[in-house]
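J.: Fold the following and give me the result.
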Amino acid sequence: MFNRQSLASHVALLGTGILATGLLSVTVIAQQQNDDAYTVPRTSYGAPDLQGVWRNATVTPLTRPRELGEQQAYSREEAFQLERAAQMAVEQDNEPLDPNRPPPPAQDLPPVGNYDLFWTDRGMFMPTIDGEFRTSIIIDPPDGQMPGYTDEFLAQRARQRETGPDPFDGPEGRGVGERCLLSFGSNSGPPMLPVMYNSHYQIVQSPGYVVIVAEMVHDARIIKIQDRHDATADVMNKWMGDSIGRWEGDTLVVETRHFNPWQSFRGASENLTVTERFRKESDSKIIYSFTVNDPTVFESTFTGELALTAYDDPLYEYACHEGNYALAGTLAGARRAEAEAAEQQN
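T.: The predicted model follows:
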C-alpha cells in the first residue's frame, strides 16, 4: 500500500468522490501500454518527426522518497493517490480567505510567497514511462538519489563561500534566472527538468538541425545533427552549452558540453557532459532521458527519465522583466541594510 506519510493528510481529505472520476480517467489513459505497432512519423526529408509543443510537468519528484529504497514504480492505486493528493493540495490553496480572519500566531506564520496559483503550473498527473508509474525521475543510481559530491568540490565550494563576492553586491552576483538571462532551475536544460511553472517546450526541425524552445525566457537550444563539436565550442561557451545530435534509429541522441560558466547545474563544472535521448512512444508522448557526467563534481554519473506529453496550445510570451521590480528591490534592500549597519556602528 501507499505509505508516504507526508501525503496521508491530503488523501484523507478527499472523501469518496472528490475529483475521482476525472482523475481516474486520466490515470487509466496514462496506464495504457506503448503500442508496439506505433510507427514514428517522418519529416519531408526523412528524419523522425518530433515536432510539436510538449510539456514535462509531473507529480513524479526528481529524487525518490528514501523510504521506498530501490522501488522504481508505484502501483496504479498508489499513483492514483498521489495524483488525487496533488490536485487536492491545489484545491485547498485555491480556497478563498476570510478577510476578517484574525492574524495567526507569529510562530505559525508561513514564509512570504512570491507567486500565486494563477502563475503556477504544478504537475498533477503522473505519465507512465514504459508502462510504469515511476517513483522518481532519477533511475540510476538504483536508489533514485543524487550521487554525492566529491571531496575536491566540497573543499572548493567552502573556499568560495569564504572568499567569494557577496551575492548582494550587484546584479552580477544574482542567479541567471533572477536576471532573466536563462530559465529558472534547469528548465531549459540540459537536462530539461520541470519547475513550478512554464513547463512547455516547442520542438522544431529542419535538415541538419533540431531546435528546442523553452517557454520560460524563450530559451532556444539549437542542436546540430553532426558527429563532433565545433572547433570554437570550447571558447564560445554558449548558454545551454554546445549540443550535437545523431539519430540512432528513431531516437535522437544529443551530447552537450562547453557550458557558459555562468550556467551551473547543481554545481557542475566546465567538465560537465549531458547526454540526452528523445524517443517518441506515441503521437502524444516522448520519453526523454538524460545522463549527467561530471567526475570533478559528482561521485558518479546519474540518469533520469521523464515523459514529454503533447500539448495542443501554442507557447506564449514570457515577459520576464516587464513590471518586474524584484532585482532592483533586492539590491535596494541590501543597500538599506548596509546603511543601517553603518549607522549602528557610528
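J.: For the stretch 1-150 of the chain, just list every one of the helices.
T.: Ranges of helices in the stretch 1-150 of the chain, per DSSP state H, counting those that start in this stretch, are 5-12, 20-31, 76-93.
J.: ok, now the stretch 151-300 of the chain?
T.: Ranges of helices within the stretch 151-300 of the chain are 151-163, 233-236, based on DSSP H, counting those that start in this stretch.
J.: of all those, which lies closest to residue 102?
T.: Counting by Cβ to Cβ, residue 102 lies closest to helix 151-163 out of these; the figure is 41.6 Å. Where C-beta positions appear, they are placed from N, C-alpha and C, glycine not excepted.
J.: buried residues in that closest one?
T.: Using 16 or more other Cβ atoms under 10 Å as the test for burial, helix 151-163 gives 153, 156.
J.: what does stretch 56-73 rub up against?
T.: With Cβ atoms under 8 Å, 6 or more residues apart in numbering as the test, stretch 56-73 has contacts from 3-4, 79, 82-83, 86, 121-127, 132-139, 142-146, 192-194, 199, 201, 288, 304, 306-309.
J.: mind checking the end-to-end distance for it?
T.: This stretch, stretch 56-73, spans 18 Å end to end (Cα to Cα, to the nearest Å).
J.: cool, and stretch 56-67?
T.: Taking Cα to Cα as the criterion, the two ends of stretch 56-67 lie 25 Å apart.
J.: Report the beta-bridge partners for residue 273.
T.: Counting by DSSP bridges, residue 273 forms beta bridges with residue 293.
J.: Just give me the neighbour total for it.
T.: 18 (other Cβ atoms under 10 Å).
J.: weakest of the helices of the stretch 151-300 of the chain by average pLDDT?
T.: The minimum mean pLDDT among the helices of the stretch 151-300 of the chain belongs to helix 233-236 (a mean of 85).
J.: And the pLDDT for the spatially closest residue to residue 199 that is not a sequence neighbour?
T.: Closest residue in space to residue 199, ignoring its immediate chain neighbours: residue 57 at 4.0 Å, by Cβ to Cβ, 6 or more residues apart in numbering. Here, the pLDDT recorded for residue 57 equals 94.
J.: State the distance from residue 57 to residue 165.
T.: Going from residue 57 to residue 165 by Cβ to Cβ, to the nearest Å gives 35 Å.
J.: Looking at these two, which is more packed in?
T.: Ranked by neighbour count (other Cβ under 10 Å), residue 57 and residue 165 place residue 57 first, with 21 against 10.
J.: ok, now how distant is the more buried one from residue 309?
T.: Residue 57 is 8 Å from residue 309, where distance means Cβ to Cβ.
J.: what's the answer for residue 338, then?
T.: 48 Å.
J.: more crowded one of these two?
T.: Looking at residue 338 and residue 309 with other Cβ under 10 Å, you find the greater number of neighbours at residue 309, namely 18 against 12.
J.: What sits closest to residue 334 if chain neighbours are left out?
T.: Residue nearest to residue 334 in three dimensions, not counting chain neighbours: residue 168, with 3.7 Å by Cβ to Cβ, 6+ apart.
J.: Mind pulling the model confidence for the one you found?
T.: On pLDDT, residue 168 comes in at 91.
J.: Residue 342 should be in a strand, yeah?
T.: No: looking at residue 342 with DSSP: H, G, I helix; E, B strand; the rest coil, it is helix, so not inside a strand.
J.: neighbours around it, how many?
T.: Residues near residue 342, counting by other Cβ under 10 Å, number 9.
J.: Quick one: residues in contact with stretch 275-285.
T.: Applying Cβ under 8 Å, 6+ apart, the contact partners of stretch 275-285 are 34-35, 38, 40-41, 48-50, 127, 189-192, 250-256, 286-291, 293, 307-310.
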